[in-house]
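Student: how would this look folded up:
(chains A, B, C and D)
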Protein chains: 4
Amino acid sequence: MENIRHRYSCEVAFSDTDASGWVHFSKILTYAERAEHDFLASAGVAVFDRGKGGWPRVKISCEYKKPLEYPDQIEVVLGLDHIGGTSLCWKFEILKNGGELAARGEMVTVKVDHAGKVTPLSDEERNILEGTG
Amino acid sequence: MENIRHRYSCEVAFSDTDASGWVHFSKILTYAERAEHDFLASAGVAVFDRGKGGWPRVKISCEYKKPLEYPDQIEVVLGLDHIGGTSLCWKFEILKNGGELAARGEMVTVKVDHAGKVTPLSDEERNILEGTG
Amino acid sequence: MENIRHRYSCEVAFSDTDASGWVHFSKILTYAERAEHDFLASAGVAVFDRGKGGWPRVKISCEYKKPLEYPDQIEVVLGLDHIGGTSLCWKFEILKNGGELAARGEMVTVKVDHAGKVTPLSDEERNILEGTG
Amino acid sequence: MENIRHRYSCEVAFSDTDASGWVHFSKILTYAERAEHDFLASAGVAVFDRGKGGWPRVKISCEYKKPLEYPDQIEVVLGLDHIGGTSLCWKFEILKNGGELAARGEMVTVKVDHAGKVTPLSDEERNILEGTG
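Tutor: Numbers count the residues shown, from 1 in each chain, chains lettered A, B, ... in the order given. Sure, this is the predicted structure:
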């Protein structure tokens, strides 16, 4: 992965699992979203302001390598792969209990305003994201 | 239950289950909410309008009698138990595969405006709800 | 999309939405899973048997084209794109209120036994899936 | 609340919210469950073992006092109110950003074996829970 990295830790909740005994595939993607939100917040970029917009996903892909179960410890390794005019491309790896790769993928988010309209990154956002990148 | 009844049917989704093999208790409550929304919509009462408010729950209780699993067929039997000045009290029973009682409970919802402030039912809402009641 | 198609309809639940006002991206993927399960069940292939295995996802990708909101009507158009030795590749389109493309993607599922071990499709499963394909 | 207390902290995830802008009522209950699991695990009581049973809820009630939103910090104050032959009664308070009461409720869990059958607490479990109680 690229040289910018953010690490986010959490724990599998029992309610994230399904009847297979493993974490449901859709919940694994929410771990990546939480890591992205944690990164943006820690960098000083507004994640979501009611009535002011946010960063919805327009594309996502994920490969599931190893199942997760309750109560695994999760670490998400997140990298900002590309800063576009109105979008960000993130790569993520989800590690299980301190090591094994459980999943990896990409997500493209776009900046939208209060009405959900795609809108350019502000200079401030770009500076912050390039700076941390 | 009281004499007003609404019946709502749905199916357990695999993503509603947890590692016990059964439907997670929190998801069972969403079946009751879906039944309430279905009832309001069918009666002509606005369920939720972005920027215009809705009917959040202020109290809920539920007894779980029989576990549900994928792919059970669900029937929610919903009754409007009480119409208050700003609130509604609902009773619900959740039936499994056409008969067995899986859960039963109550929920109290309040009407809120666009700012989340509790607000009286409109005359129109009252007429509709008393009419169907 | 390929010539085999299955259509699955459902409705956005309020609990599928997030604070942006739109359906959360992870929930949209569960609509695709529900369509796949509905297809398999209708074709006579076991979706999930506790202690007997199922069809976990090993890869997923999705492009989000148009946001969904409560109470949109959803139609999932599902196609079985490829039948492998131990895996199935599905394509899906998610349509909003009878027409507009909301999302489209792919998911690869593998057959696993009761212990979660990847295992070949049975002849019966292959016959059914090729027959419907 | 009674004299035994466990405190569990977490953060509202964006995926816990709904289109009202606030956390969905059903997700608030999962915070209480996570606190209970955290307490049991820290006390040395098995929360869930695949094929060995767990502690499903048979009754839950909750009053919602103050809405939660992303990215509120949550603290769950959990108390073990009663130890029965096969059941535990928990009380919980959910605090918002270090103070305000967001919700409070009770949940009754029962011990079940691998087959989902209600079963008495073991002496070891009772000793641990009375000891911490």
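
Student: what about stretch A:101-120 and chain C, any contact?
Tutor: Yes - Stretch A:101-120 lies within reach of chain C by C-beta under 8 Å from any C-beta of the partner chain, at residue A:116. All C-beta spots, glycine's among them, are computed from the backbone N, C-alpha and C.

Student: and that stretch, how far from the chain's centre?
Tutor: In terms of C-alpha atoms, centre = their mean, to the nearest Å, the centre of stretch A:101-120 is set 9 Å apart from its chain centre.

Student: now it: buried residues?
Tutor: Residues of stretch A:101-120 classed as buried under the neighbour-count rule (16 or more other C-beta atoms under 10 Å in any protein chain shown) are A:102, A:103, A:104, A:105, A:106, A:107, A:108, A:109, A:110, A:111, A:112.

Student: hey, C-alpha coordinates of it in PDB?
Tutor: Coordinates of each C-alpha in stretch A:101-120 appear next as PDB, following Å, rounded to 0.1, in the frame of the first residue of the first chain:
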ATOM      1  CA  LEU A 101      -5.400 -10.500   6.500                       C
ATOM      2  CA  ALA A 102      -9.100 -10.900   6.700                       C
ATOM      3  CA  ALA A 103     -10.200  -8.600   3.800                       C
ATOM      4  CA  ARG A 104      -8.800  -6.000   1.500                       C
ATOM      5  CA  GLY A 105     -10.500  -3.500  -0.800                       C
ATOM      6  CA  GLU A 106     -11.000  -0.100  -2.200                       C
ATOM      7  CA  MET A 107     -13.600   2.500  -1.900                       C
ATOM      8  CA  VAL A 108     -14.200   5.700  -3.800                       C
ATOM      9  CA  THR A 109     -16.000   8.500  -2.000                       C
ATOM     10  CA  VAL A 110     -17.200  11.800  -3.400                       C
ATOM     11  CA  LYS A 111     -17.800  15.000  -1.700                       C
ATOM     12  CA  VAL A 112     -21.400  16.100  -1.700                       C
ATOM     13  CA  ASP A 113     -23.100  19.300  -0.500                       C
ATOM     14  CA  HIS A 114     -26.200  19.500   1.700                       C
ATOM     15  CA  ALA A 115     -28.400  18.600  -1.300                       C
ATOM     16  CA  GLY A 116     -26.400  15.500  -2.100                       C
ATOM     17  CA  LYS A 117     -24.800  17.200  -5.200                       C
ATOM     18  CA  VAL A 118     -21.200  16.300  -6.000                       C
ATOM     19  CA  THR A 119     -19.000  19.200  -5.300                       C
ATOM     20  CA  PRO A 120     -15.300  20.000  -5.500                       C
END
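
Student: picking up where we left off before, filter the buried residues of stretch A:101-120 down to just the ones in strands.
Tutor: Among the buried residues of stretch A:101-120, the members falling in strands (DSSP state E) are A:102, A:103, A:104, A:105, A:106, A:107, A:108, A:109, A:110.

Student: now for the nearest residue to the last one once chain neighbours are set aside: which residues touch it?
Tutor: For residue A:110, ignoring the flanking residues on the chain, the nearest one in space by C-beta to C-beta, 6 or more residues apart in numbering or on different chains is residue A:87 at 4.6 Å. The contact partners of residue A:87, by C-beta atoms under 8 Å, 6 or more residues apart in numbering or on different chains, come to A:58, A:108, A:109, A:110, A:111.

Student: for chain A, what lies in contact range of chain B?
Tutor: Counting by C-beta under 8 Å from any C-beta, chain A sits next to chain B at A:14, A:15, A:17, A:18, A:19, A:20, A:21, A:22, A:24, A:26, A:69, A:70.

Student: residue contacts, the fifth one?
Tutor: By that I understand residue A:19. By C-beta under 8 Å, 6+ apart, the contact list for residue A:19 reads B:14, B:17, B:18, B:19, B:20, B:21, B:22, B:69, B:70, C:48, C:50.
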